[in-house]
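> take this sequence and fold it.
(4 chains)
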There are 2 protein chains.
Amino acid sequence: MYSMADTVERLIESTRELLWERGYVGTSPKAIQERAGAGQGSMYHHFTGKPGLAKAAIDRTATQLRAAAEAQLSGPGTPLDRITAYLRRERDVLRGCPIGRLTLDPDVMADETLRAPVTETFTWLRTRLTEVLAEADLPSDIDPAKTAATVVAVLQGGYVLARAAGDPTPFTDAVDGVLALLGSTE
Amino acid sequence: MYSMADTVERLIESTRELLWERGYVGTSPKAIQERAGAGQGSMYHHFTGKPGLAKAAIDRTATQLRAAAEAQLSGPGTPLDRITAYLRRERDVLRGCPIGRLTLDPDVMADETLRAPVTETFTWLRTRLTEVLAEADLPSDIDPAKTAATVVAVLQGGYVLARAAGDPTPFTDAVDGVLALLGSTE
DNA sequence: GTCTATATCGAGATAGAC
DNA sequence: GTCTATCTCGATATAGAC
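Coordinates of the predicted model:
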């Protein structure tokens, strides 16, 4: 048997997984319940419905993504080492980015409360990378903010290429490519 | 009144638009009919159903995307000029990429006949960019194939960033950033 | 070729018993 | 808190008339 807290927990985790795999439109309350091993009544007791569940799931995913990125970006080494560590961190490439994929979900983007964490995640990420790149010894004609956008875009686009190919290689190539352009010495 | 050919044409175009805006899961036959100004019976007379319609729409979109890219990549100027023209071509950035978005649609990727044009489009694009980059005078430590993956990823990821921000600027920044890294002199 | 009627199923949720 | 019953719609077609 599960405790109530566990039920809530499993509902959120199931929603997170399904949003990641199938997006908001493609995720039904029923599918969430089945994956969580929770009943209809239970789900609607703890949450207001699909939007409420999605809000809890997206907030948590955004928080985790940010923490994971910060772990690499504030780690040891030169600025370029940290960017490299971030880009080369182990990832389940073919699953794609759980936040990035939401930008394509019209129902998510139309709901201000669901959209906000998505917007904020990428704003924060670009800002944070800009800071790190500003510390790096880049040529004067390389703008840190624009380069930060490039780096985040390579990640997000790399996922798209990998999924299109059904193979992580294009993702790895895209990352290697941008690191070489940044003058990474390895 | 419309001719039959026009009806087929409008059904395909409506499907293309809806797949672009809402993806496969988010697009209903009814919505397609309404946008096309066609009736239920008419739609099912000309197409086998939603998958058949999607096949026609995706094939056409893939063909057009390829032609549009080739127009820039085989245009005038140095290799870097052509890459620049391709990346800076006028785009409706906030709409995103009509092919790239399909990689996140599980029902599309699960159907081999719908998936194939998506896979092929990106394979072709990376190959074509590799050829152009191989002609460019890049430093010997810059690999054309990997750089090609980087360039395509910047586009695809740039769309994601722009949609997240609700503003085309991050897309433009990402493009400017990678062009600067490539040593574009403008 | 196109229309309307009809059918099945799942999405998304509410109500009230336990 | 959780369960089952019930409800309303829309998704996705098929059938047969026109």
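
> what does chain A put close to DNA strand D?
A:2, A:4, A:7, A:38, A:39, A:40, A:41, A:42, A:44, A:45, A:46 (CB under 7 Å from any atom of the strand). C-betas here are computed from N, CA, C, even on glycine.

> the last one and residue A:3: what is the separation?
With distances taken as CB to CB, to the nearest Å, residue A:46 is found 12 Å from residue A:3.

> of the two, which one has the most company?
residue A:46 (16 against 8; other CB atoms under 10 Å in any protein chain shown).

> surely the more buried one is in contact with residue A:7?
Yes: the pair residue A:46 / residue A:7 is scored as a contact, 6.9 Å apart, by CB atoms under 8 Å.

> where are the low-confidence patches of chain A?
A:1-2, A:185-186 (pLDDT under 70).

> about what we covered before: name the member of the residues of chain A next to DNA strand D with the most neighbours.
residue A:38 (20 neighbours).

> tell me the contacts of that one?
By CB atoms under 8 Å, 6 or more residues apart in numbering or on different chains, the contact set of residue A:38 is A:7, A:10, A:11.

> please report phi then psi for the spatially closest residue to the first one that is not a sequence neighbour.
It refers to residue A:7. Take residue A:7 and drop its neighbours on the chain: the residue closest to it by CB to CB, 6 or more residues apart in numbering or on different chains is residue A:38, 5.4 Å away. Backbone geometry at residue A:38, expressed as degrees, to the nearest 10, gives phi -120, psi 150.

> roughly how far apart are residue A:38 and residue B:127?
In terms of CB to CB, residue A:38 sits 48 Å off from residue B:127.

> let me know how buried residue A:174 is, in neighbour terms.
By other CB under 10 Å, 32 other residues sit near residue A:174.

> would you check that it makes contact with residue A:156?
No: look at residue A:174 against residue A:156 with CB under 8 Å: they stay out of range, at 10.0 Å.

> any bit of the strand or helix carrying residue A:12 sitting next to DNA strand C?
Residue A:12 is part of helix A:4-22, with elements assigned from DSSP states H and E. No: using CB under 7 Å from any atom of the strand, we find that helix A:4-22 stays clear of DNA strand C, coming within 9.7 Å at best.

> check stretch A:109-118 too.
No: interface with DNA strand C: stretch A:109-118 contributes nothing (CB under 7 Å from any atom of the strand), its closest point being 11.4 Å away.

> tell me the contacts of the closest residue to residue A:159 other than its chain neighbours?
Spatial nearest neighbour of residue A:159, excluding adjacent residues (CB to CB, 6+ apart): residue A:96 at 4.3 Å. For residue A:96, the contact set (CB under 8 Å, 6+ apart) comprises A:20, A:159, A:160, A:162, A:163, B:103, B:104.

> how about 7 Å then?
By CB atoms under 7 Å, 6 or more residues apart in numbering or on different chains, residue A:96 lies in contact with A:159, A:163, B:104.

> so how far is residue A:171 from it?
Taking CB to CB, one finds residue A:96 at 10 Å from residue A:171.

> list residues touching both of these two?
By CB under 7 Å, 6+ apart, the residues touching both residue A:96 and residue A:171 are residue A:159.

> helix, strand, or coil at residue A:84?
Using DSSP: H, G, I helix; E, B strand; the rest coil, the structure places residue A:84 in helix.

> show the contacting residues for it.
A:179, A:184.

> tell me how far it lies from residue A:73.
Separation of residue A:84 from residue A:73 (CB to CB): 11 Å.

> next: residue A:47.
33 Å.

> again, but for residue A:92
Relative to residue A:73, residue A:92 is positioned 20 Å away (CB to CB).

> right, I'll call it a day here.
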